[in-house]
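**Student:** Sharing a model that was predicted from the sequence below.
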Amino acid sequence: MIRTVATQPFDDQKPGTSGLRKKVPHFQQPNYAENFIQAILDGAKLEPGSSLVIGGDGRFFNASVIRTAIRMAAANGVAKLIVGRGGLLSTPAASNLIRKRKAAGGIVLSASHNPGGPDGDFGIKYNIANGGPAPEGVTEAIFRRTREIREYKILEEDAPDLSIVGTTMLGETEVEIVDPVADYASLMEELFDFAKIRAAIEKGLTLRFDAMHAVTGPYAHEILERRLGAPVGTVLNGTPSEDFGGGHPDPNVVWAAPLVDLMMGPTAPDFGAASDGDGDRNMILGRGIVVTPSDSLAVLAANAHLAPGYARGIAGIARSMPTSGAADRVAHKRGIGLYETPTGWKFFGNLLDAGKVTICGEESAGTGSDHVREKDGLWAVLLWLNILAERGQSVSEIVREHWAEFGRNYYQRHDYEEVDKAAAEELMDNLRDRLASMAGQRFGTLVVSEADDFSYKDPVDGSVSTGQGVRIVFSGGSRIVFRLSGTGTVGATLRVYIERFEPEPARHDLSVEEALRELTETADVIGEIRKRTGRDQPDVRT
Ligand code: G6P
Ligand code: ZN
């Protein structure tokens with residue numbers, strides 16, 4: 001019953017920051033998805049008797065590729081498949097299932113926060129046995145297979161009905177369809193004080209969670225409305241749709257504008273949050289305040305001990321290099337380790353496995369802990385709620401007290417999207433060429449103290465990742481970082497990260513634009529952004 005299909009390699013199946021991402025029509029080319037799945041199954045080098053977790057964020061093409069992946073895994077001899085009902089699993093829930101069921105890995109179908117639908121984006125990523133994104137050694141092995149593949153294996157028989165929880169046999173393979181929410185919700189109950197949060201809600205703490213028509217809807221309905229007793233209607237856009245209601249399931253001020261407007265308006269609840277397509281990102285808001293991801297990481301790290309799962313304190317904090325230094329100040333004051341890694345959650349995996357860090361975060365709206373090996377949107381929401389319930393203060397009071405204690409890192413990211421790829425690469429090359437002579441140069445009142453191209457040596461396995469972004473640091477600690485995104489699907493996205501530290505509480509009320517004006521102008525002078533990209537303004541400021 002196993003069919004072997006002849007195929008030809010595609011030359012564009014190199015996994016990026018987070019798996020392989022392309023437009024849906026690109027993925028729909030004959031054999032395109034099949035080739036990549038076969039390359040995963042070959043590159044992952046599974047032991048006999050292994051299990052795999054399979055699920056996705058419910059976007060267009062998800063249902064069809066899930067069925068293909070099930071039939072291919074069975075044809076390739078995988079002993080057991082654990083699949084989310086309806087093909088749904090949020091990325092953190094998939095990570096949890098891989099760990100809990102001791103699976104060898106998981107195939108997660110998602111293009112995260114990118115838009116969906118027939119002309120939208122699609123993606124496939126592979127996670128390893130610790131529940132985290134495949135490290136570079138594994139993604140390279142997968143990529144090598146995509147270049148040499150000549151055939152793939154698929155079962156003739158169709159995949160079972162994915163809407164019914166239970167176990168069936170497909171050929172020699174056991175296929176178990178599981179409730180995608182149950183195990184994840186129990187894990188959250190272990191980490192957080194649900195009774196305390198429930199009591200705070202009963203006493204009047206109000207909240208809204210925008211699932212953005214994506215995968216977290218069912219999770220949030222269960223956890224926030226059912227288990228924590230928030231009123232029905234707390235979860236907005238809670239039914240997953242294949243095109244995310246026509247929007248981008250990206251929790252930022254642009255794509256979650258209705259939630260932001262609510263939180264800035266007269267009828268704002270105490271707490272607002274949103275998550276992305278596959279449920280790993282988060283946006284946190286209070287009445288009248290948007291908490292930047294970098295600040296949120298620092299506040300969560302400083303207050304995590306208030307939640308039962310972290311009551312014994314945290315071992316250390318890791319952040320991606322472009323993330324602001326706010327968390328560094330918490331680590332320094334608490335005497336715990338701080339690790340600076342390249343962009344991409346996969347770099348946290350070894351640090352978490354080795355027990356060097358408990359909490360990790362990225363400026364790209366990701367925060368998480370050692371409970372799984374992915375960032376986790378609802379986890380961040382629940383830790384915030386636990387902290388609010390314990391401290392009995394507003395989001396804004398907590399953030400302002402945090403700044404007063406640790407100082408404020410004014411921070412903004414500027415994205416130039418769909419820039420000509422060659423022009424963007426030249427911009428970066430040109431910056432790299434000038435790095436050696438940069439120290440000591442003066443730009444207005446700013447003097448460069450250090451400039452480099454970030455490279456990272458993993459302290460656990462010794463692997464080295466170079467070319468991870470250009471850092472220009474000025475005396476006083478202000479910083480400009482230039483980097484090309486690894487997740488775009490069209491042209492290149494230039495990201496410019498701008499940061500200034502302000503210790504003085506009397507100066508914590510500046511607008512971010514004002515606080516960063518000189519640095520922003522300097523970024524254009526140093527990077528020649530206008531000249532090289534032809535753009536006057538970034539497309540998005542987050
Ligand atoms: C994905 C990864 C993150 C990463 C983000 C931004 O969401 O999981 O770890 O920070 O992409 O990557 P980019 O390369 O687009 O800046
Ligand atoms: Zn995501």
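**Tutor:** Received it, and whenever you're ready, just let me know what you need. Ligands and ions are numbered 1, 2, ... in the order given.

**Student:** how about the helices in the stretch 1-150 of the chain?
**Tutor:** According to DSSP state H, counting those that start in this stretch, the stretch 1-150 of the chain carries its helices in the segments 24-27, 32-43, 62-75, 91-100, 136-148.

**Student:** Next, the buried residues of the third one.
**Tutor:** Of the residues in helix 62-75, those scored as buried under the neighbour-count criterion (16 or more other C-beta atoms under 10 Å) are 62, 63, 65, 66, 67, 69, 70, 71, 72, 73, 74, 75. No exception for glycine: its C-beta is placed from N, CA and C like everyone else's.

**Student:** I'd like to know which of those is nearest to ligand 1.
**Tutor:** residue 62 (17.8 Å; C-beta to the nearest ligand atom).

**Student:** The residue in the stretch 201-350 of the chain that ligand 1 sits nearest to: neighbour count?
**Tutor:** Among the residues of the stretch 201-350 of the chain, residue 345 lies closest to ligand 1, at 4.0 Å counting by C-beta to the nearest ligand atom. The number of residues packed near residue 345 is 25, by other C-beta atoms under 10 Å.

**Student:** now do the one 3 residues further on
**Tutor:** Here the count is done by other C-beta under 10 Å, and residue 348 has 29 residues near it.

**Student:** Is it correct that residue 502 is in contact with residue 411?
**Tutor:** No - assessed by C-beta atoms under 8 Å, residue 502 is found out of contact with residue 411, at 10.7 Å.

**Student:** More neighbours: which of those two?
**Tutor:** When residue 502 and residue 411 are compared for neighbours, residue 411 comes out ahead with 25 against 17, by other C-beta under 10 Å.

**Student:** check contacts around that one.
**Tutor:** 292, 294, 295, 324, 326, 363, 497, 498, 499, 500, 512, 516 (C-beta atoms under 8 Å, 6 or more residues apart in numbering).

**Student:** repeat that for 6 Å
**Tutor:** For residue 411, the contacting residues are 292, 294, 324, 499, by C-beta atoms under 6 Å, 6 or more residues apart in numbering.

**Student:** Look at it and give its secondary structure.
**Tutor:** When classified by DSSP: H, G, I helix; E, B strand; the rest coil, residue 411 comes out as strand.

**Student:** if I look at it, how far off is ligand 1?
**Tutor:** Residue 411 sits 15 Å away from ligand 1, going by C-beta to the nearest ligand atom, to the nearest Å.

**Student:** Which strand residues bridge that residue?
**Tutor:** Applying DSSP bridges to residue 411 yields these beta-bridge partners: residue 499.

**Student:** now residue 319
**Tutor:** Beta-bridge pairing for residue 319 (DSSP bridges): residue 340, residue 361.

**Student:** Residue 359 is in contact with that one, correct?
**Tutor:** No - using C-beta atoms under 6 Å, residue 319 is not in contact with residue 359; the gap is 9.3 Å.

**Student:** What parts of the stretch 351-500 of the chain come near ligand 2?
**Tutor:** Residues of the stretch 351-500 of the chain lying near ligand 2 by C-beta under 5 Å from the ion: none.
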